[in-house]
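In: generate a structure from the sequence data that follows.
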Amino acid sequence: MRLDKFLADMNFGTRREVKGYIKKGLVTVNDQIIKSDKFHVNEYEDRVLFDGEPVHYQKNFYYLLHKPGGVISATVDNYDETVLDLFEDQDFRDDLFPVGRLDKDTEGLLLIMNDGQLAHRLLSPKKHVDKEYYAQVAGIMTAEDQAAFKAGLTIDGDEVCLPAQLIIDAIDEENQTSEIRLILHEGKFHQVKRMVQAVGKEVTYLKRLRMGPIVLDEQLALGEYRPLTPEELALLQN
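Out: Numbering: from 1, shown residues only. So this is what the prediction gives:
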């Protein structure tokens, strides 16, 4: 790999900026000062130092984000704040993207990465990666609703949903509201809201708690993120 690409990939600046750093003699490879940006390094074996600090190559980056409402699941947008706008400068990379989508007003777990192959596996309809949501609902959810969800509900547009698990956590008879969790094995557009609407109720608040084996880190405030742990990444890659 060219030295300037190596440093740019590790977020030391743009290709133009790192070329300048190299020409100033700020970079050594195996204890030799290198002033040519065209110099090639073995990113996994060569010892590269930038201004005396070791540079360790990392190809893929994986983050767990606690998505707030009002932010869209996109990389760029001309009007709305995106999930990537929440990243600090030192963590932001042009190749990062959200794995799937959460509605603008939906909160909760969203994976951000630059590993296209893993993202494809997680989103593939054939894999049926389960997703768990918490929702507050206007209306009383019932055992009949649970049975309908378990059987595979038909929603608007005559779309048939795969069987889903509806868990009723709380019922407020006085205010005619419910708190539920819903475990899905697919990802249709606005699916949770449309399924609840199909049984005559309305979702008033929605939060994703889990995607596959990865659970939302409740220590993260809304808008905060952290790298996936090695254990979490291993669970995803299995």
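
In: who's in contact with residue 87?
Out: When contacts are counted by CB atoms under 8 Å, 6 or more residues apart in numbering, residue 87 touches 63, 96, 112, 225. (Each C-beta comes from the backbone N, C-alpha and C, glycine too.)

In: ok, residue 50 - contacts?
Out: Each residue near residue 50 by CB under 8 Å, 6+ apart is listed here: 7, 12, 21, 26, 27.

In: still on that earlier bit, which one (most neighbours) among the contacts of residue 87?
Out: Neighbour tally across the contacts of residue 87 (other CB atoms under 10 Å): the maximum, 26 neighbours, falls on residue 112.

In: packing partners of the helix or strand hosting it?
Out: Assigned by DSSP states H and E, residue 112 belongs to strand 107-113. Judged by 3 or more CB pairs under 8 Å, 6 or more residues apart in numbering; DSSP states H and E, strand 107-113 is in contact with strand 62-67, strand 97-98, helix 116-123, strand 202-211, strand 214-215.

In: tell me the most buried of the ones you listed?
Out: Each of the helices and strands packed on strand 107-113 was scored by mean neighbour count; the highest is strand 62-67, a mean of 23, by mean count of other CB atoms under 10 Å.

In: the residue nearest to residue 167 when sequence neighbours are not counted: what's it in contact with?
Out: Counting by CB to CB, 6 or more residues apart in numbering, residue 167 lies nearest to residue 181, which is 4.3 Å off, once chain neighbours are set aside. Residues near residue 181 by CB under 8 Å, 6+ apart: 132, 133, 134, 135, 166, 167, 169, 209.

In: SS state for the fifth one?
Out: Going back to what we said before, that points to residue 166. Recorded secondary structure, residue 166: strand (DSSP: H, G, I helix; E, B strand; the rest coil).

In: could you pull out the helices for the chain?
Out: Along the chain, counting by DSSP state H, helices occupy 3-9, 15-23, 116-123, 143-151, 191-198, 230-237.

In: export the ones you listed to a markdown table and tack on mean pLDDT and distance to residue 221?
Out: Output for those, formatted as a markdown table (pLDDT from 0 to 100; distance: least, CB to CB, whole Å):
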| stretch | mean pLDDT | distance to residue 221 |
| --- | --- | --- |
| helix 3-9 | 93 | 30 |
| helix 15-23 | 95 | 32 |
| helix 116-123 | 93 | 25 |
| helix 143-151 | 96 | 32 |
| helix 191-198 | 96 | 23 |
| helix 230-237 | 94 | 19 |
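
In: residue 214: which of those is closest?
Out: Of all the helices of the chain, helix 230-237 sits nearest to residue 214, with 5.6 Å by CB to CB.

In: and the closest one with helix 116-123, angle?
Out: Using axes from the mean of the first three to the mean of the last three CA atoms, to 10 degrees, the direction of helix 230-237 lies 70 degrees away from that of helix 116-123.

In: most surrounded residue in the contacts of residue 181?
Out: When neighbours are counted by other CB under 10 Å, residue 135 leads these with 25 neighbours.

In: tell me the contacts of residue 136?
Out: 177, 178, 179, 203, 204, 205, 206.

In: straight-line length of stretch 176-193, end to end?
Out: 17 Å (CA to CA, to the nearest Å).

In: stretch 19-34 too?
Out: Start and end residues of stretch 19-34 are separated by 11 Å (CA to CA).

In: next one: it to chain centre, how far?
Out: How far stretch 19-34 lies from its chain's middle: 36 Å, per CA atoms, centre = their mean, to the nearest Å.
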